[in-house]
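In: everything below, folded, please.
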Amino acid sequence: MDVTYVLVVALVTYILGVFTKLKWDRIPNKYIPIQNLIIAIISTIICFFTKIETNLIQAFVLCLMSTMGAGGIADLMSILKNSD
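Out: Numbering: from 1, shown residues only. Now for the predicted structure:
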């Protein structure tokens, strides 16, 4: 069940990532948390209406934690890459 959240979040992130790359060359880093929030909301709606999770608040918290965690890991990787 938990893997399904990850798959939904990954798919929504990929689709929105492709869309933003086509429309904008580079989004400033200060807007990344807002993008992650939008991804979490869309993922929550998908998980709730496809009955992956029946509790809306729990679905939102799990999807939000997934997107913010992934964003933090991506930031950490770029920091480590730039420090070398």
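In: CA atoms for contacts and neighbours, from now on please.
Out: Will do.
In: tell me which residues touch the residue minimising distance to the centre of the chain, please.
Out: With distances taken as CA atoms, centre = their mean, residue 67 lies nearest the centre of the chain, 3.4 Å away. Residue 67 makes contacts with 9, 36, 37, 39, 40, as judged by CA atoms under 8 Å, 6 or more residues apart in numbering.
In: repeat that for residue 4.
Out: Taking CA under 8 Å, 6+ apart as the test, what residue 4 contacts is residue 52.
In: and the host helix or strand of it, how far from the chain's centre?
Out: Per DSSP states H and E, residue 4 falls inside helix 2-23. The offset between the C-alpha centroid of helix 2-23 and the centroid of the whole chain comes to 7 Å, using CA atoms, centre = their mean, to the nearest Å.
In: helix or strand right after it?
Out: Using DSSP H and E, the helix or strand that follows helix 2-23 in sequence is helix 32-49.
In: CA-only coordinates of that next one in CSV, if you can.
Out: Extracted in CSV, the C-alpha atoms of helix 32-49 (Å, rounded to 0.1, in the frame of the first residue of the first chain):
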residue,chain,number,x,y,z
ILE,A,32,10.2,24.7,-5.4
PRO,A,33,8.3,24.2,-2.1
ILE,A,34,5.2,25.7,-3.8
GLN,A,35,5.6,23.2,-6.7
ASN,A,36,6.0,20.4,-4.2
LEU,A,37,2.8,21.5,-2.4
ILE,A,38,0.9,21.4,-5.8
ILE,A,39,2.3,17.9,-6.5
ALA,A,40,1.2,16.8,-3.0
ILE,A,41,-2.3,18.2,-3.6
ILE,A,42,-2.7,16.5,-7.0
SER,A,43,-1.3,13.2,-5.6
THR,A,44,-3.7,13.4,-2.6
ILE,A,45,-6.7,13.8,-4.9
ILE,A,46,-5.6,10.9,-7.0
CYS,A,47,-4.9,8.6,-4.0
PHE,A,48,-8.2,9.6,-2.3
PHE,A,49,-10.5,9.2,-5.4
